[in-house]
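**Q** Output the structure for:
(one chain, ligands or ions: 2)
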Amino acid sequence: MTFALTGIGVSRGIVAGSAYVQRASHLEVTEYSIIAERVEDEVARFEQALTTARQQLQTIRSRIPASTPADIAAFIDTHLLMLDDGALSRAPVDIIRRRRCNAEWALKVQCDELVSVFDEMDDAYLSTRKDDVNHVVNRVLAILLRQPGRSTDHDDVELGGCIVIADDLTPADTILMKHQGIAAFVTEHGGVNSHSAILARSLGIPAIVAAHHVRRYIRQGELVIVDAEHGVILADADSRVLEHVRERQRAEQRARARLGRLRTQPTVTRDGHEIRLMANVETPDDVLAMKQYSADGIGLYRTELLYMNRADLPTEEEQYRTYLEVLQALDGAPLTIRTVDLGADKQVDGGRIGGAVATNPALGLRAIRLCLRDPKLFFPQLYAILRVSAHGPVRMMLPMLTSIHELSQVLQMIAEARLTLVRRGEAFDAAMPVGGMIEVPAAALAADLFADQLDFLSLGTNDLIQYTLAVDRLEEEVSYLYEPLHPAVLRLIQMTIAAGERKGIPVSMCGEMAGETDYIPLLLGLGLREFSMHPSLILEARRVIRDADVGRLSAVAGKIVASRSHDEIVRLTEQLTGLR
Ligand code: PEP
Ligand code: MG
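**A** Ligands and ions are numbered 1, 2, ... in the order given. Next comes the predicted model:
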């Protein structure tokens, strides 16, 4: 009889396939002695395993598709760097020689040692480093133990068309499995914003996470159905259920074809409001993806990647060339370059920016605060952005603005940068718009003051929600509190849009909320006319907008913001989606 299990669906699609169940996620390692004459052979065996692990990761790195968020590639780069770190490459060799023990045991002893150090540091960022150590060590152990089918060694298992059911998956696993043609994956752990979930969306793999104990109930090789949209896993399906799945798949195919036709259609609501649909990009490769969907330009170019995985800072010239390459690919569409937002969840030096490890990095020296503190970091970027503005429509956007005093300082620095370029005889657009992200509640509450001095505002809801609700955007334990529809968040959004309207400057939104089809009608009703999102979401957003009637949405949106209960807000928002 058909039975159902549930988890959190993190991407789209419904598929049927045979289950590939990874039973054990824990590798059994035992200690044995090595005779003195064979110790160097054991060291060589360990070093060979490191080389193989490195080759595996490099292969995976080269298979990452262009449209994948840059932090996924950075994640794999981190694992590659860890393999070369003395703590994992040299220390186990010392242990093999000193204790005359097998390589697996030496690596395990060293791993336990490193993990216990991380455990003593009560710090969320470092605890993710602990997971990295475990992932890297498991990869090397799987090679040493020659265990096929482990979470780090799928190359010798035929996974084409399978539904992988695992404890958890690393981004590297996910990329490798996509390459092997898996139909879907289900994990017992993970959350909506875990790396493998982000990858599943970006690679178009139907996926469900947090399906607790699923491996207990699914048999190896049995036929299962994964409905990623609703987070449901069906086993023992009968022919009627299978026919229903096939019908859903046909409907999805038809919907994809309909969306494809929207590539060349204008983004105008039914009652004639023109909406700007912009893209969030990180790499020049993302630009190709956004052009495919004919976005109106780039609403957020995250520049952090240029600063990551290197010991030095990018030079002005390097930045100028990179930005110019992006601008030239846009064929005259506008490019919004965000000045660097390092710190907090975008660390470059293990969280030590500005000195000791910060206890609360999200509230610490990040983004514009860091740039103001360190002119050597900031000026080369200011010069590069200004210089590239001579070649086309460039806008500069400042992240994490909190106080007007801060903004005055930045504007002063931009003025100084302009003077220096004049002295150097370099060309730039003297009228290049400078805008600010509204992502701190203080900035939203004082949006009118910022609007007085800026050319545009952009709502960064990822941070705005985190700071308004005091919910760490990366912390799974409190993710249930991360609520874009909280009245406080909606009021701040409304205030910001209203401030922009009063001062006559454009307001856009570039946080994830802008790309959620469930929220787009509400945002239109609140007066938002420019949205910026991951390129893959643009067509769906265009469909929703072309179906919308702003006049009718505005009336309900007003009621939603004034609403006194959360249930009422959710009900009215759903009604709004139906109103489109
Ligand atoms: C945001 O905070 O909404 C945003 C777009 O910036 P980031 O996600 O890069 O912090
Ligand atoms: Mg932000």
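**Q** For S33, which non-adjacent residue is spatially closest?
**A** Spatial nearest neighbour of S33, excluding adjacent residues (CB to CB, 6 or more residues apart in numbering): R100 at 5.7 Å. C-betas here are computed from N, CA, C, even on glycine.
**Q** quick one: the one you found from L107, how far?
**A** 15 Å (CB to CB, to the nearest Å).
**Q** okay, these two: which has more neighbours?
**A** L107 (26 against 16; other CB atoms under 10 Å).
**Q** so what's the more buried one up against?
**A** Residues near L107 by CB atoms under 8 Å, 6 or more residues apart in numbering: V29, F46, L88, P92, V137, V140, L141, L144.
**Q** neighbours around the fourth one, how many?
**A** Residues within reach of P92, counting by other CB under 10 Å, total 27.
**Q** SS state for the closest residue to it other than its chain neighbours?
**A** Of all residues beyond its chain neighbours, the one nearest P92 is A106 (4.2 Å), with distances taken as CB to CB, 6+ apart. Following DSSP: H, G, I helix; E, B strand; the rest coil, the label given to A106 is helix.
**Q** any idea how far A106 is from ligand 2?
**A** 43 Å (CB to the ion, to the nearest Å).
**Q** Neighbours of that residue, how many?
**A** By other CB under 10 Å, neighbour count at A106 equals 26.
**Q** Next: the one 4 residues further on.
**A** Residues contacting Q110 under the criterion other CB under 10 Å number 21.
**Q** in whichever helix or strand it is part of, what's buried?
**A** Secondary structure from DSSP states H and E places Q110 in helix 103-120. The neighbour-count check on helix 103-120 (16 or more other CB atoms under 10 Å) flags A103, E104, W105, A106, L107, K108, V109, Q110, C111, L114, V115, F118 as buried.
**Q** From those, pick the one nearest ligand 1.
**A** Nearest to ligand 1 among these is F118, at 25.0 Å by CB to the nearest ligand atom.
**Q** For the residue nearest to S33, give its distance to ligand 2.
**A** For R100, the distance to ligand 2 - CB to the ion - is 52 Å.
**Q** Then A541?
**A** Taking CB to the ion, one finds A541 at 20 Å from ligand 2.
**Q** Could you pull up phi and psi at that residue?
**A** Torsion angles at A541 (phi, psi; degrees, to the nearest 10) stand at phi -60, psi -40.
**Q** Then the one 4 residues further on?
**A** In terms of degrees, to the nearest 10, the main-chain angles of I545 are phi -70, psi -40.
**Q** so L300 touches N280, yeah?
**A** Yes. Using CB atoms under 8 Å, L300 is in contact with N280, at 4.3 Å.
**Q** Tell me the residues of the stretch 301-450 of the chain that contact ligand 1?
**A** Neighbours of ligand 1 within the stretch 301-450 of the chain, by CB under 6 Å from any ligand atom: R302, D341, E439.
**Q** List the contacts of the residue nearest to S33.
**A** S33, I34, I35, A36, V39.
**Q** could I get the residues you listed as TSV with neighbour count and pLDDT?
**A** Rendered in TSV, the data for the contacts of R100 read as follows (neighbours: other CB atoms under 10 Å; pLDDT from 0 to 100):
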residue	neighbour count	pLDDT
S33	12	90
I34	21	91
I35	9	90
A36	8	90
V39	17	93
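**Q** Any chance of CSV for those, columns distance to P484 and secondary structure?
**A** Listed next are the contacts of R100 as CSV, based on distance: CB to CB, whole Å; DSSP: H, G, I helix; E, B strand; the rest coil:
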residue, distance to P484, secondary structure
S33, 59, strand
I34, 58, coil
I35, 63, coil
A36, 64, helix
V39, 59, helix
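**Q** Does the residue nearest to P92 touch I96 like I think?
**A** Yes. Here A106 lies in contact with I96, judged by CB under 8 Å, at a distance of 4.6 Å.
**Q** quick check: domain ranges of this structure?
**A** 3-24+154-258, 36-151, 264-579 (automatic domain parsing).
**Q** Next one: A444, what pLDDT does it get?
**A** On the pLDDT scale, A444 is placed at 98.
**Q** What number of residues are in the vicinity of it?
**A** 24.
**Q** same thing with the one 4 residues further on?
**A** Per other CB under 10 Å, the neighbour tally for D448 reads 14.
**Q** mind checking how far it is from I505?
**A** D448 is 11 Å from I505, by CB to CB.
**Q** Can you tell me the SS state at L277?
**A** Put simply, L277 is strand when judged by three-state DSSP.
**Q** got the contact list for it?
**A** T267, A295, D296, F531, S532, M533, I538, A541, R542, I545.
**Q** Tell me what the closest residue to the second one other than its chain neighbours is bridged to.
**A** When the adjacent residues along the chain are set aside, A295 lies closest to A279, with 4.1 Å between them (CB to CB, 6+ apart). The bridge-partner assignment for A279, based on DSSP bridges, gives I298, M533.
**Q** on that earlier part again, redo the contacts of R100 as a markdown table? Include distance to ligand 1.
**A** What follows is those, written out as a markdown table (distance: CB to the nearest ligand atom, whole Å):
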| residue | distance to ligand 1 |
| --- | --- |
| S33 | 52 |
| I34 | 50 |
| I35 | 56 |
| A36 | 55 |
| V39 | 50 |
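**Q** I'd like to know how many residues surround the nearest residue to Q58 once chain neighbours are set aside.
**A** Of all residues not flanking Q58 in the chain, L80 sits nearest, at 7.1 Å (CB to CB, 6+ apart). Residues lying near L80 (other CB under 10 Å) number 16.
**Q** Following element in sequence after the host helix or strand of L80, please.
**A** Assigned by DSSP H and E, L80 belongs to helix 70-84. Using DSSP H and E, the next helix or strand after helix 70-84 towards the C-terminus is helix 86-89.
**Q** so where is this protein shaky, pLDDT-wise?
**A** 24-26, 65-72, 121-128, 147-157, 193, 283-285, 309, 344-358, 579-580 (pLDDT under 70).
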